[in-house]
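A.B. asks: Return atomic coordinates for the entry below.
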Amino acid sequence: MTLKPARLLVLLIATAALPVMAQNLAVVNGKPIPSSRADMMIKQLASRGQKDSPELREKVKEQLIDYEVLTQEADKLGLAKTDEVKSQLDYARQQILIGALVQEHVKKFPVKEADIKAEYDKFKAQAPDKEYHARHILVEKEDDAKAIIVKLKSGAKFEDLAKQSKDTGSAANGGDLDWANPNGYVKPFSDAMIALKKGQFTETPVKTQYGYHVIKLEDVRAAKVPTFEELKPQITQSLQQKELEAYRLELKAKAKIQ
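C.D. replies: Modelled structure (predicted):
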């Protein structure tokens, strides 16, 4: 069969248009929505735990069509030209570019495994070898703390007296602070706590910036230090933040700021 020139031309145009159409998710009022935009949204949703599926892609497609319809209407009304919207668009552009810059810098200067290991070794060397299970009662005045100590010496239960504690987070649980690393407390509290023996309470009020404490030591145990693999993500993020902060300061120092 021989195709006529006119039909051949239509076929060639249609064939040439196929790859272009394949790159578009839809066309709204003559304006295409690229498929890459849907891919980007799917990727973002996947990072938040959603599973890629035909149903999800259909929802994304409908949402992007809605966005395009609404955006076109906003453009028609000239909203993009208002000062407020211009400022918001400029701000959004900055945030996107800064995010891209951060990703590019992290890619160029990845955190080295040796640096992560060195940081972990430093942490491990400084980590306390014991954990403490303590209770406390926090009051505003020193005399109130002294009165509590007198009652404890007379046989009052620590858990009952703890109900008057200013620390509402632990008061309902008898002043229980659970197991903790002593470095997690302010120094005067920590020093007083580790000086106690199991079952003892402080016989003088312990003053901190929060008020006056009466502390009771319930128990002590060997501390479990997290493994390298457990802490690796946290250390990596911390080192990345330090590198990015140094990069920010370097760029700012070079900038001409008037």
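A.B. asks: Q94: how many residues sit nearby?
C.D. replies: 10 (other Cβ atoms under 10 Å). For every residue, glycine as well, the C-beta is placed using N, CA and C.
A.B. asks: what's the distance between it and S87?
C.D. replies: 11 Å (Cβ to Cβ, to the nearest Å).
A.B. asks: K76 too?
C.D. replies: K76 is 21 Å from S87, by Cβ to Cβ.
A.B. asks: Just the helices from the stretch 151-258 of the chain, written as ranges.
C.D. replies: Along the stretch 151-258 of the chain, counting by DSSP state H, counting those that start in this stretch, helices occupy 158-161, 168-171, 187-194, 228-254.
A.B. asks: quick one: contacts of the first one?
C.D. replies: Under the criterion Cβ atoms under 8 Å, 6 or more residues apart in numbering, residues R135, I137, I148, K151, L152, G174, G175, F201, V214, K216 lie in contact with helix 158-161.
A.B. asks: What strand or helix carries Q44?
C.D. replies: Of the helices and strands defined by DSSP states H and E, Q44 is found in helix 35-47.
A.B. asks: Quick one: closest of the helices of the stretch 151-258 of the chain to D115.
C.D. replies: Proximity to D115 (Cβ to Cβ) singles out helix 228-254 among those, at 6.0 Å.
A.B. asks: so which of the contacts of helix 158-161 would you say is closest to F189?
C.D. replies: V214 (11.0 Å).
A.B. asks: can you pull the contacts of that closest one?
C.D. replies: Neighbours of V214 in contact, by Cβ under 8 Å, 6+ apart: H136, I137, V139, A145, I148, I149, L152, L161, F201, T202, P205, V206.
A.B. asks: Quick one, which of these are buried?
C.D. replies: With burial judged by 16 or more other Cβ atoms under 10 Å, the buried subset of the contacts of V214 is H136, I137, V139, A145, I148, I149, L152, L161, F201, T202, P205, V206.
A.B. asks: Would you mind putting the contacts of helix 158-161 into a markdown table with distance to Q103 and pLDDT alongside?
C.D. replies: Shown next, in a markdown table, are the contacts of helix 158-161 (distance: Cβ to Cβ, whole Å; pLDDT from 0 to 100):
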| residue | distance to Q103 | pLDDT |
| --- | --- | --- |
| R135 | 47 | 98 |
| I137 | 50 | 98 |
| I148 | 55 | 98 |
| K151 | 60 | 97 |
| L152 | 57 | 98 |
| G174 | 49 | 97 |
| G175 | 47 | 98 |
| F201 | 53 | 98 |
| V214 | 51 | 98 |
| K216 | 50 | 98 |
